[in-house]
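[1] Show me how the following folds:
(one chain, ligands or ions: 1)
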Amino acid sequence: MSSIISDLKHIIGGEVSGIEEDLIAVSQDFGGVIQKQPQVVVRPQNSIDVAKAVKYAAEQELTISSRAAGHSLNGQSLNQGGILLDMRSLNQVHEFHSDRLWFKADAGTTWQKVVDISIPQGVIPPVLTNNFEVTLGGTHSAGGLGQNSFRYGSQADNCLGLEVVTGTGDLVWCTPEQNSELFYHVLCGYGQFGIITQIQHRLRQYRPFTRTYFLCYDDLDLLLNDERLLVLEDRVDGLLSLFSPCVLGFSRTGENGIQPLIQWFYRMQITLEVDSANETKEEKLLSSLNFYRHIHTEVLTFDKFILPVAQVPHPVGTANAWLDVLLPESVAKQYIETALKIIPSFINFRNTPIGSFCMASRNTKMPMFPLPEEELIVGFGMYPTIPKTQLSSVLEQLNILTDLGFKMGGKRYMVSWIEFDLPQWRLQFGDYWPKVNEMKRKYDPQGILNSGFFQYEQVTHSQTDKQETQITKAVAAEYRIAI
Ligand SMILES: Cc1cc2nc3c(=O)[nH]c(=O)nc-3n(C[C@H](O)[C@H](O)[C@H](O)COP(=O)(O)OP(=O)(O)OC[C@H]3O[C@@H](n4cnc5c(N)ncnc54)[C@H](O)[C@@H]3O)c2cc1C
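    Predicted coordinates for the structure are as follows:
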């Protein structure tokens, strides 16, 4: 047994394992693109265990990473050669107040557990993602977007308080008012500034039924105009668009031989929460929209409506190379049209889910979740499962789509495939990038937390002092952070 394992066994109340089988089990994530293997896995029993493990890592100059359900897609939660904290062992709901509309739970608790407690009490967390097996800590560290994020923001936007272990092993409770700087950087911070051990999160009341309208568009402009109207005027309770290709023939005139002639159709699903199954409010709503065909109306009880839509298959030898780009509305049409032209040249476009979602910048206020500078944000997502043999050529194309997004003023949702070089990190965070570097040095001075995902600036002290003071003041004012 290595001395690290025996040391940790001495100081940690929870489980410590260096067994090959345990290490392999945490060496990949849902993406299957990156592989990293830690030296030891720690399953903490409580927040104190997390703090002790971080302090030990700092003393021994080991890296330490927080991994939860491992549903990230590019190694965001993996660790090479250091300590991996398997946060799923912290999974208790401590307080649940349906009357005061909040709950408090361990970071490794799954959203499924929270939903199971919430639904019978007539309340629900404001935003749910399309996967309940992921954890509170995992999505608060990324953002967590759902069909109604245009109204309620991300899951991180609905966080009321966090218990955090910093990179120096200090255990801190933080809220928008107390230790607010740490609060606003740990949220959507991918474990870079601290490890979340407990979370206090909002609840809302829900109506018992939903009516979802499936509307088909054959014109992207009309779809985007209708999305704008529905989102900015807050006319619906949920909105999601999925794109379907239809091969309408083949052309023999192209340089690369026979080419399919693809017409894309856009299916917008809009949802209203209602008090009874028969309550219809659609006439006025639908008559204001410009769809090509109303395909279907689905009436569901609320508990059925929120269930994640589809399981993603993950056959052996495949990788999930997913991409989410956040676009200013003004360029969304141009970007999406370009992407839809390129996509059939490098993936099997017939069975790749492709679609869009909306966010309103007035409702999303997380400094670590960079957004384009416009009122309405259009998300474009594609979620291919591909043979690993095709990985490098597909990733090359995803990088081209990433750069195109940056050129048009877009940002990436960092939860999916991300392999930024330093210039891309600077583009992702824009003017906020120096502050991100400053926060890393402040809360993780040895750079031991989740190393290998973010790439930081190498700067001298004299350079930073001046820069940081300016940025800090500007940012503090913008986000009302006490400094
Ligand atoms: C099938 C599928 C569907 C999805 N649908 C959606 C969706 O609808 N909306 C959406 O927004 N996302 C979606 N995602 C992405 C998913 O929500 C994120 O990848 C999320 O971060 C996964 O959480 P996890 O518990 O698996 O965390 P992990 O993947 O284990 O970790 C994710 C990140 O969080 C950090 N982290 C984990 N726990 C902690 C902690 N306690 N403290 C500090 N940092 C921590 C990790 O270090 C890592 O950087 C989907 C993913 C899949 C595979």
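
[2] of all of the stretch 101-250 of the chain, which residue lies closest to the ligand?
    residue 138 (2.2 Å; Cβ to the nearest ligand atom). Where C-beta positions appear, they are placed from N, C-alpha and C, glycine not excepted.

[3] Please name the residues that touch the nearest residue to residue 447 once chain neighbours are set aside.
    The shortest distance from residue 447 to any non-neighbouring residue, by Cβ to Cβ, 6 or more residues apart in numbering, is to residue 440 (7.0 Å). When contacts are counted by Cβ atoms under 8 Å, 6 or more residues apart in numbering, residue 440 is found next to 192, 193, 447, 454, 456.

[4] Would you mind measuring from the second one to residue 26?
    It refers to residue 193. 22 Å (Cβ to Cβ, to the nearest Å).

[5] Give me the buried positions along stretch 121-140.
    Judged by neighbour count (16 or more other Cβ atoms under 10 Å), stretch 121-140 contains these buried residues: 123-129, 131-132, 134-140.

[6] one step back: between residue 193 and residue 26, who's got more neighbours?
    Per other Cβ atoms under 10 Å, whichever of residue 193 and residue 26 has more neighbours is residue 193, with 25 against 21.

[7] Can you name the residues that contact the closest residue to that one other than its chain neighbours?
    Closest residue to residue 193 apart from its sequence neighbours, by Cβ to Cβ, 6+ apart: residue 443 at 4.2 Å. Going by Cβ under 8 Å, 6+ apart, residue 443 touches 166, 167, 168, 182, 185, 193, 194.

[8] Which ones among those lie within helices?
    Among the contacts of residue 443, DSSP state H puts 182, 185 in helices.

[9] before we move on, the earlier item: inside strands: which ones of the buried residues of stretch 121-140?
    Those of the buried residues of stretch 121-140 mapping onto strands are 123, 124, per DSSP state E.

[10] if we can go back for a sec, can you give me the distance of the residue nearest to residue 193 to residue 422?
    21 Å.

[11] what are the ranges of the helices in the stretch 201-350 of the chain?
    Secondary structure of the stretch 201-350 of the chain (DSSP state H, counting those that start in this stretch): helices located at 220-232, 282-287, 302-305, 329-342.

[12] Out of these, which one sits most buried?
    helix 220-232 (a mean of 19; mean count of other Cβ atoms under 10 Å).

[13] Now that one - C-alpha only, PDB.
    Extracted in PDB, the C-alpha atoms of helix 220-232 (Å, rounded to 0.1, in the frame of the first residue of the first chain):
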ATOM      1  CA  LEU A 220     -35.500  29.300 -39.500                       C
ATOM      2  CA  ASP A 221     -36.200  33.000 -39.500                       C
ATOM      3  CA  LEU A 222     -39.800  32.400 -38.500                       C
ATOM      4  CA  LEU A 223     -38.800  30.000 -35.800                       C
ATOM      5  CA  LEU A 224     -36.300  32.500 -34.300                       C
ATOM      6  CA  ASN A 225     -38.800  35.300 -34.500                       C
ATOM      7  CA  ASP A 226     -41.400  33.300 -32.600                       C
ATOM      8  CA  GLU A 227     -38.800  32.200 -30.000                       C
ATOM      9  CA  ARG A 228     -38.000  35.800 -29.400                       C
ATOM     10  CA  LEU A 229     -41.600  36.700 -28.900                       C
ATOM     11  CA  LEU A 230     -42.400  33.800 -26.600                       C
ATOM     12  CA  VAL A 231     -39.300  34.300 -24.500                       C
ATOM     13  CA  LEU A 232     -39.000  38.000 -24.100                       C
END
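
[14] so what's the closest residue to residue 95 other than its chain neighbours scoring on pLDDT?
    Once flanking residues are discounted, residue 95 sits nearest to residue 104: 4.3 Å by Cβ to Cβ, 6+ apart. Note for residue 104: predicted pLDDT of 98.

[15] My guess is residue 104 contacts residue 200. True?
    Yes: using Cβ atoms under 8 Å, residue 104 is in contact with residue 200, at 4.5 Å.

[16] what is in contact with these two at once?
    Going by Cβ under 8 Å, 6+ apart, residues that sit against residue 104 and also against residue 200 are residue 161.

[17] re the thing from before, which residues touch the residue of the stretch 101-250 of the chain closest to the ligand?
    68, 69, 71, 72, 77, 87.
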